[in-house]
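Asks: Need a 3D model of the sequence below.
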Amino acid sequence: MVDGPVVTVRGEAYREVAPELAAFTVTVTARDRDRETTLTRLAERAATVRVLLDGEGPAIDRRETGDLRVRPETRRATERVVAWHGSVTTTVTVTDFTALGELMLRLTEQDQVEVAGPWWSLRPDSPAYRQVRHAAIAD
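Replies: Numbers count the residues shown, from 1 in each chain. Purely as a prediction, here's the structure:
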């Protein structure tokens, strides 16, 4: 048995609100027959991307470099390595939407860089969540 009152609420609310964050990914790639050359190119290209992102200052809320891959390409019938592929992916979260488009275009101008996104969202502590919960309760 439960001590005290129990409140059960059922309701729905739908609100369209402007996004507060935009996230996109930047993937830098390199390929060469020599493993060390692949790693050197990958490091150079990643450094160029890092410098571009550093120049954005407060427009960038957060950036996380995560997915690093280096893999051999082998001949079908043997294990002989014919090339090395490398990639590194960084997720960038932006709050200044006026800088977003230009930043993404500058990144795509770089050699062997892929940009995907943006994906729009609210901050985890956004007041919009509380407001829609209250509206659902009122329903």
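
Asks: residues in contact with the residue positioned nearest the centre of the chain?
Replies: Closest to where the C-alpha atoms of the chain average out (Cα atoms, centre = their mean) is residue 91, at 2.7 Å. With contact taken as Cβ atoms under 8 Å, 6 or more residues apart in numbering, residue 91 is in contact with 23-25, 63-64, 66. C-betas here are computed from N, CA, C, even on glycine.

Asks: Give me the buried entries from these.
Replies: Using 16 or more other Cβ atoms under 10 Å as the burial test, the contacts of residue 91 include 23-25, 63 as buried.

Asks: List the buried residues of the helix or strand containing residue 132.
Replies: For residue 132, the host element (DSSP states H and E) is helix 127-138. Under the neighbour-count criterion of 16+ other Cβ under 10 Å, helix 127-138 has residue 132 buried.

Asks: How about stretch 105-117?
Replies: Neighbour-count burial for stretch 105-117 flags 106-107, 113, 115 (criterion: 16+ other Cβ under 10 Å).

Asks: how about residue 14, phi and psi?
Replies: With angles defined as degrees, to the nearest 10, residue 14 sits at phi -130, psi 130.

Asks: So what's the residue count around it?
Replies: 8 (other Cβ atoms under 10 Å).

Asks: Might you list the low-confidence residue ranges for this protein?
Replies: For the chain, the stretches with pLDDT under 70 are 1-2, 7, 9, 139.

Asks: for it, which helix is longest?
Replies: Counting residues, the longest helix found in the chain (DSSP state H) is helix 35-54.
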